[in-house]
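Undergrad: model this:
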Amino acid sequence: ALKGLKWLSCTMYIFTPHSVANLAEHGAKVVKIEMPRMGDAMRHTSPFNECYLYPLHDTRPMTGTGLGFTNANPNKYFLTMDYHIPEMVEIFYGLVKKSDGLTELYRPGTLDKWKMSYRYLSEINPRFIYVWGGGFGYGPKIFGGSYDILGQAHAGLASVTGMHEYMGGHATKQTNWVIDWQSGNLITCSILAAIHHRRKTGLGTMIEFSQLQVPTRMLGHSLPMYGKFGIVRQRWGNWDTQLCAHGIILCGKSDFPDADNPQDKFCARYVMVSAFQDEDFKELCTITGMKDLYEKYKSHNQRCEGEAQVEIYTALEKWAADKSRSEVAKTLQDAGILAEPVRNDREVYESPHFRERGTVRWLDDPLFGDMLVVPVDDSIVYVQPVYLASDDNSALPEFRRVVVVFGDRIEWDDTLDGAFAQVFGEPVGDEEPEPDTGLPELAGTIEELLSQASETFDQANEALRLGDLAEYQRLIDEAERLIQRALEQVEP
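TA: Down below sits the predicted model:
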């Protein structure tokens, strides 16, 4: 939809890069300009970068970019510039002449000091759209920096999140960076509005954006309610202030009691329940044996009172105390009541619904490749195929190397076998055959196992090329098992 749009991005972290990534994902050509040597600070986040910063010359292939960077920077071109070099500023001006706009997040006055702010760039390109994404924005605290957690605190969002203290709760930060992501979306909307304005007038404009303004909008009726009635909004946790029953309850049993992952073992116990219509609430009370509560709170207005909600949700959790999450959800769904388990990341990742929609999918990126992560005892082995991007847009990236990282050893080779041999310091073909383990498909020497893994990787890449994601994932899992089996035969 935005093919032909050219945008410059002098951004870091999440909310301003995300605003431009939205343009890139819709077809715009985005060039991200980063600091020399270090680049965007988000490149140095876990997992996989493990907070190593770039040295002056980076020859460590697995410590350059963490996955935290990829979320907010897809589909972009990357380069670095030192604005203190006059020749670089001239190159920057040349890019401005050819571009539609720019997004930046430097402290106020920084780019103006370098003669790279809107008042200078609009002289070069009158149609130029300039976005400054600040923390506090213009006002008394204009020079105050901001992070997502600061915004949630300063703007009051954290004050209405979490349960009351007498219920064991307290003011709570949203775990994910919700302000950053929402700020990025709103900046994108502003850019699209500026593009529409330019079509009508032929002129560019400057957009000033405050990250901290976003959570004030997310507070909904809180500020008008205080302004009109002097009422300070309370924390209401997993329940809805306007509807009841319409919240999340805790069940007594996990869906995965034997799982190793604590998120599965201990946290797969929550269910969203929605039965705020009178007939639905009556059915809910019948199923759960709470008929006395239906008689007590027949009207919706009665149910929304604070004392009523405490009583209703306490009774629901008492009913669910001997049941698993899936049992509660199925019982309610069979009765026609809206109910859904609260899923964790693994369940979302494996969900057929999200896979079929393409919300979750494997991508074979020419820069980042496709990484396989293999746990080995208390350590991790990273296997990273390295591709060379083709200059021909119609050609596929060319496979060049395999990088293997184990502990403080980083090696690469033309083949997976060769890279493993270098990491573990001995030819893989010198090992004695593994005795019978009862797993014939995984039996063999280290050389044989790694050879099988290489063949399986090739099959997985072919499945990916054909768009068969299910087969691709199955083959990747099989390759992981083969590598794990080979590693078990290596002497510590």
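
Undergrad: am I right that residue 247 falls within a helix?
TA: No. Counting by DSSP: H, G, I helix; E, B strand; the rest coil, residue 247 falls outside a helix, being strand.

Undergrad: tell me who's in contact with it.
TA: By CB atoms under 8 Å, 6 or more residues apart in numbering, the contact set of residue 247 is 238-240, 272-273, 309, 313. (Each C-beta comes from the backbone N, C-alpha and C, glycine too.)

Undergrad: dump these to a markdown table, plus pLDDT, secondary structure and distance to residue 189.
TA: Listed next are those as a markdown table, based on pLDDT from 0 to 100; DSSP: H, G, I helix; E, B strand; the rest coil; distance: CB to CB, whole Å:
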| residue | pLDDT | secondary structure | distance to residue 189 |
| --- | --- | --- | --- |
| 238 | 88 | coil | 30 |
| 239 | 89 | strand | 31 |
| 240 | 89 | coil | 27 |
| 272 | 95 | strand | 29 |
| 273 | 96 | strand | 34 |
| 309 | 92 | helix | 35 |
| 313 | 93 | helix | 37 |
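
Undergrad: quick check: the farthest pair among those residues?
TA: Across those, no pair lies farther apart than 272 and 309, at 15.1 Å, counting by CB to CB.

Undergrad: what about these two, which has more around it?
TA: The neighbour comparison of residue 272 against residue 309 (other CB atoms under 10 Å) goes to residue 309, with 22 against 16.

Undergrad: the more buried one contacts residue 237, doesn't it?
TA: No. In this structure residue 309 lies outside contact range of residue 237 using CB atoms under 8 Å: 9.9 Å.

Undergrad: burial of residue 356, as a residue count?
TA: Neighbours of residue 356 using other CB under 10 Å come to 11.

Undergrad: make that residue 26, sorry
TA: Residue 26 has 14 nearby residues by other CB under 10 Å.

Undergrad: please name the nearest non-neighbouring residue to residue 93.
TA: Closest residue in space to residue 93, ignoring its immediate chain neighbours: residue 124 at 5.8 Å, by CB to CB, 6 or more residues apart in numbering.

Undergrad: same thing with residue 159?
TA: Closest to residue 159 by CB to CB, 6+ apart is residue 171, at 5.5 Å.

Undergrad: what ranges do the strands span in the stretch 201-350 of the chain?
TA: For the stretch 201-350 of the chain, the strands defined by DSSP state E, counting those that start in this stretch cover 205-210, 246-250, 270-274, 338-341.

Undergrad: buried sites along the first one?
TA: Of the residues in strand 205-210, those buried under the neighbour-count criterion (16 or more other CB atoms under 10 Å) are 205-207, 209-210.

Undergrad: in the helix or strand where residue 356 lies, what counts as buried?
TA: Secondary structure assignment for residue 356, by DSSP states H and E: helix 352-357. Neighbour counts over helix 352-357 (16+ other CB under 10 Å) mark residue 355 as buried.

Undergrad: what average pLDDT does it get?
TA: The pLDDT scores in helix 352-357 average 82.

Undergrad: returning to what we had before: which one of the strands of the stretch 201-350 of the chain lies closest to residue 221?
TA: Per CB to CB, nearest to residue 221 of the strands of the stretch 201-350 of the chain: strand 246-250, 16.3 Å.

Undergrad: not counting residues beside it along the chain, what's closest to residue 12?
TA: residue 40 (4.8 Å).

Undergrad: what number of residues lie near that neighbour?
TA: 23.

Undergrad: and the one 4 residues further on, by the same measure?
TA: For residue 44, the count of nearby residues is 20 (other CB under 10 Å).

Undergrad: with residue 18 instead?
TA: Residue 18: 23 neighbours (other CB under 10 Å).

Undergrad: wait, residue 271 sits on residue 249?
TA: Yes. Contact criterion CB under 8 Å: residue 271 and residue 249 qualify, at 5.8 Å.

Undergrad: overlap in contacts of those two?
TA: Taking CB under 8 Å, 6+ apart as the contact rule, residue 271 and residue 249 both touch 320, 328.

Undergrad: can you give me the buried ones in the top helix by length along the chain?
TA: Determined from DSSP state H, the single longest helix within the chain is helix 178-201. Of the residues in helix 178-201, 178-184, 186-188, 190-191, 194-195, 198 count as buried by neighbour count, 16+ other CB under 10 Å.

Undergrad: what sits against the residue nearest to residue 475 when sequence neighbours are not counted?
TA: In space, and not counting its chain neighbours, residue 475 is closest to residue 460: 3.7 Å by CB to CB, 6+ apart. Contacts for residue 460 were tallied using CB under 8 Å, 6+ apart; they are 471-472, 475-476, 479.

Undergrad: tabulate the residues you listed (JSON lines), appending secondary structure, distance to residue 32 and neighbour count.
TA: Output for the contacts of residue 460, formatted as JSON lines (DSSP: H, G, I helix; E, B strand; the rest coil; distance: CB to CB, whole Å; neighbours: other CB atoms under 10 Å):
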{"residue": "471", "secondary structure": "helix", "distance to residue 32": "34", "neighbour count": "15"}
{"residue": "472", "secondary structure": "helix", "distance to residue 32": "29", "neighbour count": "22"}
{"residue": "475", "secondary structure": "helix", "distance to residue 32": "33", "neighbour count": "21"}
{"residue": "476", "secondary structure": "helix", "distance to residue 32": "30", "neighbour count": "19"}
{"residue": "479", "secondary structure": "helix", "distance to residue 32": "33", "neighbour count": "24"}
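
Undergrad: could these be laid out in JSON lines, adding pLDDT?
TA: Shown next, in JSON lines, are the contacts of residue 460 (pLDDT from 0 to 100):
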{"residue": "471", "pLDDT": "78"}
{"residue": "472", "pLDDT": "73"}
{"residue": "475", "pLDDT": "84"}
{"residue": "476", "pLDDT": "77"}
{"residue": "479", "pLDDT": "80"}
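
Undergrad: from the residues you listed, pick the one nearest residue 163.
TA: Closest to residue 163 out of these is residue 476 (40.9 Å), distances taken as CB to CB.

Undergrad: contacting residues around residue 128?
TA: Listed by CB under 8 Å, 6+ apart, the contact set of residue 128 reads 96, 99-102, 118, 121-122, 204.

Undergrad: which of those residues has the most neighbours?
TA: That'd be residue 101 among those, by other CB under 10 Å, with 28 neighbours.

Undergrad: ok, and the closest non-adjacent residue to that residue?
TA: Closest to residue 101 by CB to CB, 6+ apart is residue 129, at 3.4 Å.

Undergrad: likewise residue 83?
TA: residue 114 (5.3 Å).

Undergrad: circling back: can I get the contacts of residue 128 in a markdown table with pLDDT, secondary structure and distance to residue 134?
TA: Output for these, formatted as a markdown table (pLDDT from 0 to 100; three-state DSSP; distance: CB to CB, whole Å):
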| residue | pLDDT | secondary structure | distance to residue 134 |
| --- | --- | --- | --- |
| 96 | 94 | helix | 21 |
| 99 | 94 | coil | 21 |
| 100 | 95 | coil | 21 |
| 101 | 95 | strand | 17 |
| 102 | 95 | strand | 15 |
| 118 | 94 | helix | 13 |
| 121 | 95 | helix | 18 |
| 122 | 94 | helix | 19 |
| 204 | 94 | coil | 19 |
